[in-house]
Structures are given as C-alpha cells and as structure tokens.
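J.: What shape does this take:
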Amino acid sequence: MAVTSLLPARHPERLVWSLLLAASLLLPLLGASLGGGEFRWPDLTDPIFTTLRLPRIAAALLVGASLAASGAALQALFRNPLADPGLIGTSSGAALAVVIVLATGFAGSTLPFAAFAGGLAATWLIVALARLSGGGMAGLLLMGLVISAFCGAVTSLALFLSDDLTLRGASTWLAGSLSSASPSLLLTCSLVSGLGLLLLFGIGRDLDCLLLGEDAAASLGVDVVRTRRLAAIGAALATGGAVALSGIIGFVGMMVPNALAILVGGSRRRLIVLSAWVGALFLLGADTLARSLVWPIDLPVGIVAAFAGPPFFLWFYRRQTRSLLHG
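T.: Below you'll find the predicted structure:
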C-alpha cells in the first residue's frame, strides 16, 4: 500500500526527466536545422552553420543556463521566489555598464567584464540600501525595483545622448537578441559566466541554510556574510556574461527555478544545476521560435521570453496566494 501510494507522486518527476532528455536531443537539432524559413538537415561544412548558427545555439544555451541558475541563487539569497536578475536590478546594472562602454566607443572583450562590474555594483547596492532601510526581504525586492528603474533611466539618458548608430545597435541589444553572437565574444562570455555558475554550484548547501534565516544558518556553521557575498558575485558573473552576449532577457530566472521547485523539488544545489539545464533548453527553444515565427524578420528572443513571463507570473502568484489561504 505504501509503495502504491508513492507512485502517483513520482509520475510527474519521471515525466519531467523524460521530457528533459528528449528536449536535450531534439532542441539543438531543431535549432541547427531551422533557418531561412525552412527545415534542412545541418551541413557541418557550411560556413553559415559554423560561423552563425552554431555560435547562436551555443549562446542561447549559455545565456539561458546563466540566467536560470542566477535566478535560483538569488531567490535563496533574497528568500523571495520572485527574485530574478531582470526584476531586482542585476541585469539593469549590467546593461547600464555595457551601454556606457558602447557609448564611449569601447566594445569587444571588455563587454562581459563591464557587465559583471555593473551587475555586481547593482546587487551590492541593493543589499546595502535594504539593510539601511531595515525593510527585510520585502525591502530587498523593493530596493531592487528602485535600482532597476534608476539604471533604466540612466541607460535611456546615455542612449539619448549617443549617436544614431550606437542608438540603433543598443536598442536591438536591449530587446534581448542573440543575432550578434560571435565566436570571440562567446568565448569571453563563457569564461565569465562559467566562473559564476561554478561559484553558485559550490555554495548551494549554504544557500539552503540561508533559506532558513540568518540566525538558523549561522547556527549550522554557515558564514552568512561570506555566503551572501559569494552569491552576489556568482550571480553578477553569470548574469554579466549573459547580458554582454544577449542584452536583457527577463523572466527566465524567475520562471525556470520556480517551475522546477514545484515539479521536482530538491536541494538548492540540485535546483541550481537543473535550472541551468532547463534554462538553457528553454532559451534555445525560444530563440528557435523567434528566428522562425515571422521569417524573414529575426525577432529578439527577449520579446518571446517576455510573452511567456506574465502568464507564468500570474499563475504562480495565484498558486502562492491560494497556498497561503489554505495553508
């Protein structure tokens, strides 16, 4: 009887694993085969495939993994399931730094490091202001929204004062596009984001303890200040590399970890790893759809992700509200 009662609860998890394995095989193949408004088996010797399509597939996987894993870590850091690199200001700080670099005429390999510095500065500023205001976890989210709005205003001012060429390029980039992913930029961003992801994986257990509260985490032997600092640095590195490569893409870091927490649960380290996996596949699927939906127009993938975000947010908010009412 006990074994039978467990089976229904495990069926959704088995289905999730099956879908993940199938998507891991099919989505890269679909992304490599779709192009020019038609489906064609990829030619590995075609320069278009090796210089354009393959780097774009790799960029989608990297950006999706970085944003989703950062979201899973930030939700533990802020103890708020709505925390997301795009919602709390990390992405906005990274974007502001990149726009300043573009407006001053510097680009190339400096973009990921500028994005990291901007994202880290925004995250630390949010934490510092929330501590000064004494607003707790709600204060962290509120300060994140304020910093995000401020960074957006400064970004708009910098673009307004820029020339038309910089404005046009930055506007496409701010919409969240992978069309300009080049092998050289991809390599640099991979190193920056990869370092951030490794750092987030390494502090997964401490983030689990942090979810219990600072006092409880300290009693379990966790250095709370160090964990918060490493989580901020790791999220800033991962997000900075992603933003430098694709611009701002919202909701991925909020949707993916929460969906996985509901479907499969598990420790924070496991959730960060799974979020990176699913986030990579989600953004690859979204970018493949963006390239094919209104061909020959290449839609920015950030627009497609933005359409998926609000319905999920409303569903998740309603679910949380009902859980509290019946809790």
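
J.: all contacts plus neighbour counts: C-alpha atoms, from now on.
T.: Will do.

J.: Show residues contacting the strand or helix carrying V98.
T.: Per DSSP states H and E: V98 is located in helix 90-103. The contact list for helix 90-103 (Cα atoms under 8 Å, 6 or more residues apart in numbering) reads 85-86, 107, 111, 114-123, 148, 151-152, 154-155, 158-159, 162, 166, 170, 174, 236, 239-240, 243-244, 247-248.

J.: So which of these are in helices?
T.: Among those, DSSP state H puts 111, 114-123, 148, 151-152, 154-155, 158-159, 166, 170, 174, 236, 239-240, 243-244 in helices.

J.: Quick one: end-to-end length of stretch 33-50, please.
T.: 12 Å (Cα to Cα, to the nearest Å).

J.: so who does P85 touch?
T.: Applying Cα under 8 Å, 6+ apart to P85 gives the contacts L67, S70, G71, L74, S91, A235, T239, G250, G253.

J.: How much space separates the nearest residue to A121 once chain neighbours are set aside from V273?
T.: In space, and not counting its chain neighbours, A121 is closest to G93: 7.1 Å by Cα to Cα, 6 or more residues apart in numbering. Taking Cα to Cα as the measure, G93 falls 25 Å from V273.

J.: Equivalent analysis for L52, please.
T.: 28 Å.

J.: Looking at those two, which one has more neighbours?
T.: A count of neighbours by other Cα atoms under 10 Å puts V273 above the other of L52 and V273, at 21 against 16.

J.: average model confidence for the strand or helix carrying that one?
T.: In this assignment (DSSP H and E), V273 forms part of helix 268-293. Helix 268-293 carries an average pLDDT of 92.

J.: tell me what the next helix or strand after that helix is packed against?
T.: Beyond helix 268-293 in the direction of the C-terminus, DSSP H and E gives the next helix or strand as helix 301-325. On a contact count with 3 or more Cα pairs under 8 Å, 6 or more residues apart in numbering; DSSP states H and E, helix 301-325 meets helix 252-263, helix 268-293.

J.: just how off-centre is the shortest one within its chain?
T.: So the one you mean is helix 252-263. Centroid separation for helix 252-263 versus its chain: 11 Å, with Cα atoms, centre = their mean, to the nearest Å.

J.: how about it as CSV, C-alpha atoms only?
T.: Presented in CSV, the C-alpha positions along helix 252-263 are these (Å, rounded to 0.1, in the frame of the first residue of the first chain):
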residue,chain,number,x,y,z
VAL,A,252,13.8,33.2,-17.3
GLY,A,253,15.4,33.4,-13.9
MET,A,254,12.1,33.6,-12.2
MET,A,255,10.1,31.1,-14.2
VAL,A,256,12.5,28.2,-14.5
PRO,A,257,13.6,27.7,-10.8
ASN,A,258,10.0,28.1,-9.5
ALA,A,259,8.6,25.6,-12.0
LEU,A,260,11.3,23.1,-11.1
ALA,A,261,10.8,23.6,-7.4
ILE,A,262,7.2,22.7,-7.9
LEU,A,263,7.7,19.8,-10.2
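
J.: From the rest of the structure, what touches it?
T.: Helix 252-263 has contacts (Cα under 8 Å, 6+ apart) with 12-13, 16, 64, 67-72, 81-86, 271-272, 274-275, 278-279, 305, 309, 312-313.

J.: Can you show me the helices along the stretch 1-150 of the chain?
T.: In the stretch 1-150 of the chain, the helices defined using DSSP state H, counting those that start in this stretch lie at 2-33, 47-48, 54-77, 90-103, 110-133, 136-160.

J.: these two touch, right, L77 and R228?
T.: Yes: taking Cα atoms under 8 Å as the definition, L77 is a contact partner of R228 at 6.5 Å.

J.: For S148, see how far away L167 is.
T.: 20 Å.

J.: For these two, work out which one has more neighbours and name it.
T.: For L167 versus S148, neighbours defined as other Cα under 10 Å are more numerous around S148 (23 against 19).

J.: still on that earlier bit, separation between the residue nearest to A121 and V146?
T.: 12 Å.

J.: do A22 as well
T.: Distance from A22 to V146, by Cα to Cα: 41 Å.
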